[in-house]
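J.: compute the structure for the input listed below.
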Amino acid sequence: MNTNSKIVLGILGAAAAGAVIGLLVAPEKGSDLRNKLSNNARDLASEFADWLNTRQKDLKDVKNSLVSSAEGLAEEAGAEWKKAKSTLS
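T.: Residues are numbered from 1 along each chain as shown. From the prediction side, this is the model:
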């Protein structure tokens with residue numbers, strides 16, 4: 001997990017904790033408080049899922065780029081090997 005991921009997770013955790021504390025000290029009925037907590041938790045989970053999907057897409061793009069580069073290097077190495085082999089023959 002890189003530094004940016006840790007920062008984002010820390011911010012999300014702090015925001016969730018702040019929201020829960022704010023709701024717990026608010027003078028509301030228990031059922032209203034539970035509904036708000038539930039809605040906030042659902043929103044937070046949705047935002048986190050969106051963030052994870054974005055990171056997965058980024059990782060797939062990086063993987064595809066690396067695979068493409070590796071394939072190109074393998075082709076170049078094969079061509080150089082054939083050249084060296086024919087030179088030695």
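J.: for the rest of this, base every contact and every neighbour count on C-alpha atoms.
T.: Noted.
J.: centre of the chain versus the helix or strand bottoming out on mean pLDDT in the chain, how much separation?
T.: Comparing helices and strands within the chain by mean pLDDT, DSSP states H and E singles out helix 3-25 as the least confident, with a mean of 81. Its chain's average C-alpha position is 17 Å from that of helix 3-25, according to CA atoms, centre = their mean, to the nearest Å.
J.: show me what the helix or strand just after it is packed against.
T.: Note on helix 3-25: by DSSP states H and E, the next helix or strand toward the C-terminus is helix 30-88. If contacts are counted by 3 or more CA pairs under 8 Å, 6 or more residues apart in numbering; DSSP states H and E, helix 30-88 sits against helix 3-25.
J.: other SSEs contacting the helix it packs on?
T.: Here helix 3-25 is seen to pack against helix 30-88 when contacts are counted using 3+ CA pairs under 8 Å, 6+ apart.
J.: now the helix it packs on against helix 3-25, angle please.
T.: Our comparison of helix 30-88 with helix 3-25, counting by axes from the mean of the first three to the mean of the last three CA atoms, to 10 degrees, yields an angle of 170 degrees.
J.: would you quantify the distance from the residue positioned nearest the centre of the chain to S31?
T.: Among the residues of the chain, R55 comes closest to the average C-alpha position under CA atoms, centre = their mean, at 3.0 Å. The gap separating R55 from S31 is 36 Å, by CA to CA, to the nearest Å.
J.: now do L59
T.: 42 Å.
J.: ditto for N40
T.: When CA to CA is the yardstick, N40 and S31 sit 14 Å from each other.
J.: have a look at these two and say which one is more surrounded.
T.: Between N40 and S31, N40 has the larger neighbour count (other CA atoms under 10 Å), namely 15 against 9.
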